[in-house]
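Visitor: I would like to see how this sequence folds:
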Amino acid sequence: MLQICAKFILLGMMLFASSCSLFQKTKTRQAVSVNDLLQEDIENSSKASIGSANSFEDVDNGELSLEDDSVAEGNTSTSQDGDELSLEDDLVAEGNTSASQGNDELSLEDDFKTQEEERTTKAPVASFDAKEEENIKEHTSLKTTDLQGITYKQEGNLEIVSIKGEGKIDYVTRINKKNNQLIVQIKNAILPEKLKRPYFMKDFTGGSVVAVNSYQNSPADTANIVLQLRNGVKLKPQIINIGSMLEIRYPLRATQIAQNKNTIKGKLGSSPDQKKGTLVDFFLGGGSYYGHSISLQFEDIPVRQVVAYIATEVGANILVDDTVNGKISLKLRNIPWDQALALVLKSKGLGYIQEKGGVLRISSLENLKKEEEALVAIIKSKQSLTPLSVKVLPISFAKASELAAKLKVFLTPKRGKLSSDTRSNTLIATDVPEVLKKITLLVKNLDRAPKQVSIEAKFIEANQSFSKNLGVNWSFSGGRVDINGLQGANGPISVGLGSGGIRPVPPSSLRGLAGSVGLTLGSFKFLGDLSSILAIAEQDQVVKVISTPTVVVLDKQKASITNKGENLSISRTEQDGTITESVTRTPIKLQLDVSPQIAADGSILLDVNILREFAGGAISTGNNAKPINSRSVKSKVLIKNGDTLVIGGIFQKDTSKGNSGVPFLSKLPFFGWMFKYQSEEESKNELMVFLTPKIL
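Guide: This next block holds a predicted model:
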C-alpha cells in the first residue's frame, strides 16, 4: 500500500506543475494501470498471467523514481525530466504501446501489427491478419524454455493438446478466423528438431482439431504451435497453464462422446478400421491391408522410434525387443498403417509374434526362429511324455480299411497307431488325446452318407415318322414340335418346347460307337409332356413302349437295367423217312448300364452304355434259322439335374420272305405255281432311350 500511495503522490506533484486538466487525465490513466496490476496479482495463481515483479524506490536530491521490470510481460518505466512526463510500455499485446505528454498534449499509440500466411492442407502454418486475428492472452518472460513434447489425446468429453516445457511456458494465443486456426506462440522457447513436424488427427473422428503443426521461425526464440480446427468449431479453447505444462482443451462433439463409450477394442488394440486381417497377410504375400492410411517421412531415424511412432498413431500395443537396432530412411504417403509397419520390419530383417491380449512383440527373425524351434521341441517333449489313449470309431458309410490308410499320416510319429476291423467296420486309434480329437473330427467329415441319384428310363420302338415329328434329328434347338402324324381327341397334337427345347449333344461328347448308324443324342426338359405323347402314340400303334424302369443308384456307382427275351428257331430233320422238328431258344436282351457322377455345381455326368440284341432275317436254309444281331452305344454326357437325355438312331431293319399256297395243289408238277405265291415283308424300327436323372 505504501508503494501505491507513493506512486499517487509522485504523479500528483508532477501533473499539478503542468496543468490541472492534464493532471486529471494522467492521474486517471495511472490509476487504471495500477488497478490492472492489482487485479493481475490476484489472478496470478490461476492464469499465470503476470511474471514476478521487483519494485524498488530510489530517492536522490528530492527526486523519486519508480521502476517495475516485469509487469504485464513488459518493461514499464515512469520518469520525470523537468516539467515533461513520459509513460512507456514496450510489450503490451505483443506490440509497443507508449503514452507521452508534450506541450500539454497526451498521445496513446499502439504499434501492434501482424501479417497473415495462407494455411496448408496437410501441415498448417500460422497466418496472421490485423483485420481477422484476435489476441486472447499474452505472457512473456526473458527466461529461455526448452520444449520437450507435444501430445494429443481424447479423454472423457474433452480433446487435449498438451505442450510440455522444461520450465514455465510464456505464451501468446491468436485466432485466425479466415483459416480456422488457433496459433500458440511461445516466446523465449527452443523447439527440438524431433518436434518440428506435423501431427494429423484425422483418424480421431468427431474431434475439433484436425492437425497440429509445430515449427520455429523468425524471431528464432519463438516457437509456433498451430492448431488446424474443423469448420464450425468455436475457436476459443480452454487453456490451462500448470507449471511447465500448457493444455489446450476443446469439448468433444456429442457423437464422438457416444462413440468413445461404445468403442470395441480390436484384437491388436488398434484403430477401428482394422476389422480383419493381420500382418501375416503381408509376410505370406497376401497383399491385403486393413488399417487406416498414414504418412511417414523420416531421414536416418532409429527403427525403434519409427515403430513407436506408428504404435502411438494407431493405438496398437507393440513391444520392441532389445535386439531391434539400426536406422532407416523412408517416405511413405497415404498407405495403410499395417503395410507401413510390415515394410519397416521386412526391410530390417525383423518379425513379430502375436501375444495374448493383442500385443505384437517385435524381434529379429533369427530370434523368432530360435523361439519357434524351442517351442516345437517343448511340444514334442510334452507329447512324448503324454500317456496314450485308445479310441474306437465306428464307420457307417465308408470302408474302415480305406479310412485307416488315409488317416495314418496324422498320427504322432513313432507313437500313434491306427488299425481297422473289417467285420464291424470300425477304426481303432491309439495316440495322445490331442491327436485323437483330430482323428475323430476327420472321421466325422469323411464318413458321410453318399448322395443318390434316381434314374428314370424309357425304352421305346418307333417308326421313322414319329422320330422325325418328335425332333430327334434335331436340326433346331427350342421352338415348336408339331406331331402331325398323331391324332388326339381334338385333332393333331402340337407340343411347344419354348426355350427348354431339345438340345443336341455335340459329337465330341461321344466316346465310342459300335454297330450303330445315325446315332443322335440330346436333352430336354419336358418329360411329363413326353409321357403323354408316348401314350397317345402307342395307342395309334406308331410307338411300342418296351419298358419304363426306374433305378436308384449311389453317386459314382453303376446301375444296370436289362430287358431279356428269346428268339425261337424251328429246325426240321428227316431221318429214315421220319421228320423231326426241334426248337432252339436264343436269348435276346436289351441292357442299359449307367453310372452317375454328381458335379459340384449340381449337374450330373452320366456314363451310359446301351446294348441291344435282335434276331435278323431268316436264312434260306433247311431249318429257316435267324441270326442274332446287336447294336450298342457308349457315351458320357453332362446334363442338368432333372433334364432328360434321349438317345436315338439305333435302327432295326427286318426283311422276311415266305411261300404260301393251296395244300396239295401247290405241289402239283408244272401247275403247282398257279396255286402258290411268295410274300416279302420289310420293317424298320428305331430304338429310342430316354434317361432322366434326379439327385435325391
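Visitor: mind listing what the residue nearest to L687 when sequence neighbours are not counted touches?
Guide: Nearest in space to L687, with sequence neighbours left out and distances taken as CB to CB, 6 or more residues apart in numbering, is I650 at 4.0 Å. For glycine as for every other residue, the C-beta is placed from the backbone atoms N, C-alpha and C. Residues in contact with I650 (CB atoms under 8 Å, 6 or more residues apart in numbering) are 516, 519, 610, 612, 631, 633, 686-689.
Visitor: For V320, grab the count of nearby residues.
Guide: A count of neighbours around V320, defined by other CB atoms under 10 Å, yields 18.
Visitor: surely it meets S364?
Guide: No. The pair formed by V320 and S364 falls short of the contact definition of CB atoms under 8 Å, at 11.0 Å.
Visitor: List the backbone torsions phi and psi for I428.
Guide: Backbone torsions of I428, given as degrees, to the nearest 10, read phi -120, psi 110.
Visitor: Return the distance of it relative to I439.
Guide: 11 Å (CB to CB, to the nearest Å).
Visitor: out of these two, which sits in the busier spot?
Guide: I439 (21 against 15).
Visitor: tell me the SS of that one?
Guide: helix (DSSP: H, G, I helix; E, B strand; the rest coil).
Visitor: Hmm, it is touching F410, no?
Guide: Yes. Between I439 and F410 a contact is recorded at 6.3 Å, counting by CB under 8 Å.
Visitor: what do these two both touch?
Guide: Counting by CB under 8 Å, 6+ apart, I439 and F410 have no contacts in common.
Visitor: Any of the contacts of I650 buried? List them.
Guide: 516, 519, 610, 612, 631, 633, 686-689 (16 or more other CB atoms under 10 Å).
Visitor: export these to CSV and tack on distance to E299?
Guide: Listed next are these as CSV, based on distance: CB to CB, whole Å:
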residue, distance to E299
S516, 83
L519, 79
I610, 81
R612, 87
R631, 87
V633, 79
E686, 88
L687, 87
M688, 84
V689, 81
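Visitor: so which of these comes closest to N563?
Guide: Lowest distance from N563 to the buried ones among the contacts of I650 (CB to CB) belongs to R612, with 9.2 Å.
Visitor: Please name the residues that touch that closest one.
Guide: Contacts of R612 (CB under 8 Å, 6+ apart): 590-591, 630-632, 650, 652, 687.
Visitor: check contacts around F397.
Guide: Per CB under 8 Å, 6+ apart, neighbours of F397: 447-450.
Visitor: which two in these are spaced the farthest apart?
Guide: D447 and P450 (10.5 Å).
Visitor: hmm, back to that, what's the most distant pair in the contacts of R612?
Guide: Comparing every pair within the contacts of R612 by CB to CB identifies Q591 and Q652 as the most remote, at 15.6 Å.
Visitor: re earlier: just the ones in strands from the contacts of R612, please.
Guide: 590-591, 630-632, 650, 652, 687 (DSSP state E).
Visitor: Using a markdown table, lay out those together with distance to L605 and pLDDT.
Guide: Listed next are the ones in strands among the contacts of R612 as a markdown table, based on distance: CB to CB, whole Å; pLDDT from 0 to 100:
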| residue | distance to L605 | pLDDT |
| --- | --- | --- |
| L590 | 24 | 85 |
| Q591 | 21 | 89 |
| S630 | 26 | 82 |
| R631 | 24 | 81 |
| S632 | 20 | 83 |
| I650 | 22 | 73 |
| Q652 | 29 | 69 |
| L687 | 23 | 80 |
